[in-house]
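Asker: Show me the folded form of this:
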Amino acid sequence: MATSKTPVPPVGSSAGLKREIGFIGLLWASTGSIIGSGWLFGAKDALQIAGPAAIISWVIGGVCILILALPHAELGGMYPVSGGTARFPHYAFGGAVGASFGWFSWLQAATVAPIEVQAIINYAGHYSFAKSWLVIKQTAAGPQPTLTGSGLTVAILLMAFVTAINFLSIRKLANVNSAATWWKVGVPLLTIFMLAVFNFHPGNFTAANGFDPDGVKGILSAVSTGGIVFALLGFEQADQLAGESKNPKRDIPRAVIGSTVIGVFIYLLVQFAFLVALPASQVGTTWKNGLYTAMTGPFADIATLVGFGWLASILYIDALISPGGTALIYVTASSRVSYGLSRNGYVPVVFEKTNKAGVPWVGLVAAFVMGCICFLPFPTWQSIVGLITSASVLMYAGAPLALGVFRRRLPDEERPYRLPGATVMSPLAFVVANLLIMWTGWGTDWKLGIAILIGYLILVGNRVFKLNPLKPQMDWKAAQWLPVYLVGMGLIVYLSDFGPLAHPWFPLYWDIVATAVFSAIIYYWAVHVSLTSDEINKVVHSAVVEAEEIIPQSS
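Answerer: Here you go, the predicted structure:
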C-alpha cells in the first residue's frame, strides 16, 4: 500500500478569493442553510405523508444526514478549497468522476434558492396584496399553494434581489448571514416553546386515520419527499466556502458537525410542536387531506388559530428572513462550486472571473438564470423538494467514496479531523445516500436523470469548443464504475416499491437489501480502481497548488 505524501491544498487564499471567514461565520453559513424554508413547511408536509409517525421519519432523516456529514468533516479539513464537495471526487478518481460529481453539486446548490423564494411567497399569501400570487391546486401529495403568473414575476424579482446581495464581499456576506442566522435559530425555538407548552393536544398522535396511516412506506417516503432530508441539507456550506476560511483545518470539521447537530435537534422539536399544537378542527378524517394541508403559512396559521397573533406576526417576518438567508447562502455556494469546476477545467474559464470584492460574479449570474428556470416546471414548494433531495444526496455520495480512497491510498496524510471507524462509516454513508435516492421515488428520480444528461452535454460542449484552456485527464479506468452506478440505481428505483410498477420486483424491505448490496459492490469496486497515490499527488498538484495563490494564513 502506497504511503507517499500528497501535496495538501494550500490554506492561503485562492486566486481572486479572500480568506476572511472565521469559525462562527462557517458554522452559521451551514446552520443558516439548514434552517430555511424547511422548518416553515417540512413539518406540515411530513405530517401529510406519514401522519404522526413523521417524528420517526425525522429521527431516520437526522441519523442519515449525520452519517453523510461525517465524511465531509474529514475531507473539508484535509482539502480546504473553494467548492470542496465538487472537488473531492476529482482528487480521488480524476476527470470523468470529478466532472460528474461537480455537476451534481452545482445542480443541487443552484436549485435551492428558488425553493426558498417560493417559501417567501407562500407566507406572503397571508397579505391581501399577495393573494393573487398563489392559487391552491390539488397535487399527488394533496392540496398545495402554486405560483400564478404574477407570483412568477415576483419570484424572479426576489431571485434578482438575493443575487444582487451576493455581489458584496464574502466578509460582508458572512456578517449579514450570521446576523440572520441568530434570528433564524431563535424564532423556531420561541415557536416550539409557545405552541408545544401552551397548546398541547396529546390526542393528535392517534387522531384522523391513525399514528402511521401508510406504515413503513409512508415513514420512509416522508424522509425524502416530505421535506425532511431537504430541511436538513446545508452542512456542506462550510466545505463550499473553505477556500475563504481563515483557519480551515480547525474550523471546517467543527462547523460541519456542529451545524448538523443543531439542525437535527431543532427540527425534531419543530415537528413535535406542530403535531401537538394542531387544533382538532384542522385534522379531519385523514392526515393527507385535513384542513391544515391548505395552510399557506402553517406555523403562522396555527399561531393565529390559538390566539397568538403576536407570534404569527413574528413568523411572517421570519418567513422572509429564514428562507431569504438560505437562498442567499446557496446562491453564494453555487457560484463557488462553478468557480471550482472551472479551476478543474470542467466548465468555461469565464466562471473564474471575480469582481473587486473577490466575488465570482459569472457564477452568480448563472445561478440566477437557473433559479428562474426552476420556477416553470416546479411551481410549488413541495414539487421541487424531491428533486433537490435526490441531487443533494447524489452529490453527498461522492464524499464517502473519496474518503475510502484517501484512507486506502494516503493513510499517513494529515487529517485535522479523523472520522472514527471510517472503514465502516464510509461505505455506510454511501449506502445511506442511495437509500435516500430510492425513497424519493421514480417520479422524481427520472427527472434527475434528465438533468444529469443535460450536465454531460454541457461538460462535453466545454471540452469540444475549448472554452477552458485547462484540459483535465478523464481517467476512464478510475471511472469505470460510474455508468454502472447511475444506471443501476435508476433500475433499482424503477423496480422497487417506490417505482411505478404495480407488482415491483423488489417489494418493501427487499428494496432496501437490494440497494445496500448494490451500493457495497459499487463502493469497493470504485475504491479498488481509483487513482493511485502518485496519480492523486499529480491531480491535487495540478488542480490546486499550481492554480491557487499561496499567501500567509489569517490568524
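
Asker: give me the number of residues near S338?
Answerer: Neighbour count of S338, defined by other C-beta atoms under 10 Å: 30. C-beta: built from backbone N, CA, C; applies to glycine.

Asker: quick one, what contacts it?
Answerer: G83, W106, V347, F351, P360, V362, G363, A366, A367 (C-beta atoms under 8 Å, 6 or more residues apart in numbering).

Asker: Quickly find the element holding it.
Answerer: Assigned by DSSP states H and E, S338 belongs to helix 309-343.

Asker: tell me how far that helix is from the chain's mean position?
Answerer: Averaging C-alpha positions (C-alpha atoms, centre = their mean, to the nearest Å) puts helix 309-343 12 Å from its chain's average.

Asker: now do stretch 484-492
Answerer: The mean C-alpha position of stretch 484-492 is separated from the chain mean by 21 Å, C-alpha atoms, centre = their mean.

Asker: any idea how far S426 is from R418?
Answerer: Using C-beta to C-beta, to the nearest Å, S426 is found at 12 Å from R418.

Asker: neighbour-wise, which of these two wins?
Answerer: Neighbours per residue (other C-beta under 10 Å) separate S426 from R418, with S426 holding more: 25 against 13.

Asker: residues contacting that one?
Answerer: Counting by C-beta under 8 Å, 6+ apart, S426 makes contact with P71, P400, L401, L403, G404, R407, L419, Y523.

Asker: so which helix or strand takes in it?
Answerer: Per DSSP H and E, S426 falls inside helix 422-440.

Asker: And that helix, what's buried?
Answerer: For helix 422-440, a neighbour-count test (16 or more other C-beta atoms under 10 Å) marks 422, 425-440 as buried.

Asker: And for stretch 292-310?
Answerer: By neighbour count with 16+ other C-beta under 10 Å, stretch 292-310 contains the buried residues 292-293, 295-306, 308.

Asker: Stretch 505-525 too?
Answerer: F506, D511, I512, A514, T515, A516, F518, S519, I522, Y523.

Asker: average model confidence for that stretch?
Answerer: Mean pLDDT, stretch 505-525: 94.

Asker: Format the contacts of S338 as CSV; extra columns: neighbour count and distance to F198.
Answerer: Putting the contacts of S338 into CSV (neighbours: other C-beta atoms under 10 Å; distance: C-beta to C-beta, whole Å) gives the following:
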residue, neighbour count, distance to F198
G83, 31, 45
W106, 32, 45
V347, 29, 53
F351, 24, 51
P360, 29, 48
V362, 21, 51
G363, 32, 46
A366, 19, 47
A367, 29, 42
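
Asker: Show me those that map onto helices.
Answerer: Counting by DSSP state H, these place W106, V362, G363, A366, A367 in helices.

Asker: Which one of the buried residues of stretch 505-525 is nearest to K246?
Answerer: The nearest member of the buried residues of stretch 505-525 to K246, counting by C-beta to C-beta, is Y523 at 34.7 Å.

Asker: Tell me which helix or strand that closest one sits in.
Answerer: In the assignment (DSSP H and E), Y523 maps to helix 510-529.

Asker: Output the lowest-mean-pLDDT helix or strand in the chain in CSV with nothing but the alpha carbons.
Answerer: One helix or strand of the chain scores below all others by mean pLDDT, DSSP states H and E: helix 237-240, with a mean of 74. Taking C-alpha atoms only, helix 237-240 is exported to CSV below (Å, rounded to 0.1, in the frame of the first residue of the first chain):
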residue,chain,number,x,y,z
GLN,A,237,-21.7,25.0,3.1
ALA,A,238,-18.6,25.1,5.3
ASP,A,239,-16.8,22.9,2.8
GLN,A,240,-18.0,25.0,-0.1
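
Asker: Please, where are all the strands along the stretch 51-200 of the chain?
Answerer: Taking DSSP state E, counting those that start in this stretch as the test, the strands found in the stretch 51-200 of the chain are 134-139, 142-147.

Asker: any idea which of these is most buried?
Answerer: The highest mean neighbour count among the strands of the stretch 51-200 of the chain, using mean count of other C-beta atoms under 10 Å, belongs to strand 142-147: a mean of 21.

Asker: Just list what that one packs against, helices and strands only.
Answerer: Applying 3 or more C-beta pairs under 8 Å, 6 or more residues apart in numbering; DSSP states H and E, we find strand 142-147 packed against helix 95-124, strand 134-139, helix 381-396.

Asker: who's in contact with that strand?
Answerer: With contact meaning C-beta under 8 Å, 6+ apart, strand 142-147 is reached by 48, 118, 121-122, 125, 133-138, 155, 288-289, 293-294, 296, 375, 379-383.

Asker: Excluding chain neighbours, what is closest to V117?
Answerer: Of all residues not flanking V117 in the chain, L158 sits nearest, at 4.6 Å (C-beta to C-beta, 6 or more residues apart in numbering).

Asker: ok, now which ones touch that neighbour?
Answerer: L158 is in contact with V117, I120, I121, A327, counting by C-beta under 8 Å, 6+ apart.

Asker: Mind pulling up the pLDDT for it?
Answerer: On the pLDDT scale, L158 is placed at 94.

Asker: and what of W381?
Answerer: At W381, the model reports a pLDDT of 65.

Asker: can you pull out the helices in the stretch 451-555 of the chain?
Answerer: With DSSP state H, counting those that start in this stretch, the ranges of helices along the stretch 451-555 of the chain come out as 482-495, 510-529, 533-540.

Asker: got a markdown table for the ones you listed, with distance to V185 too?
Answerer: Listed next are the helices of the stretch 451-555 of the chain as a markdown table, based on distance: least, C-beta to C-beta, whole Å:
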| stretch | distance to V185 |
| --- | --- |
| helix 482-495 | 35 |
| helix 510-529 | 34 |
| helix 533-540 | 37 |
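
Asker: for those helices, which one sits closest to A273?
Answerer: With C-beta to C-beta, the closest approach to A273 among these belongs to helix 510-529: 30.6 Å.

Asker: residues contacting the residue most central in space within the chain?
Answerer: The residue lying closest to the centre of the chain (C-alpha atoms, centre = their mean) is L233, at 3.8 Å. Contacts for L233 were tallied using C-beta under 8 Å, 6+ apart; they are S33, I34, G38, I65, Q108, V112, I388, T389, S392.

Asker: How about P323?
Answerer: With contact set as C-beta under 8 Å, 6+ apart, P323 has these partners: G36, S37, L40, E116, V117, A119, I120.

Asker: where does this structure have low pLDDT?
Answerer: Low-confidence segments of the chain (pLDDT under 70): 1-20, 82-84, 86, 139-142, 169-178, 240, 242-243, 379, 381-383, 542-555.

Asker: Please report the distance of the residue nearest to A231 when sequence neighbours are not counted from D475.
Answerer: Leaving aside its chain neighbours, A231 sits nearest to G38 (2.5 Å; criterion: C-beta to C-beta, 6+ apart). Noted for G38: a distance of 37 Å to D475, by C-beta to C-beta.
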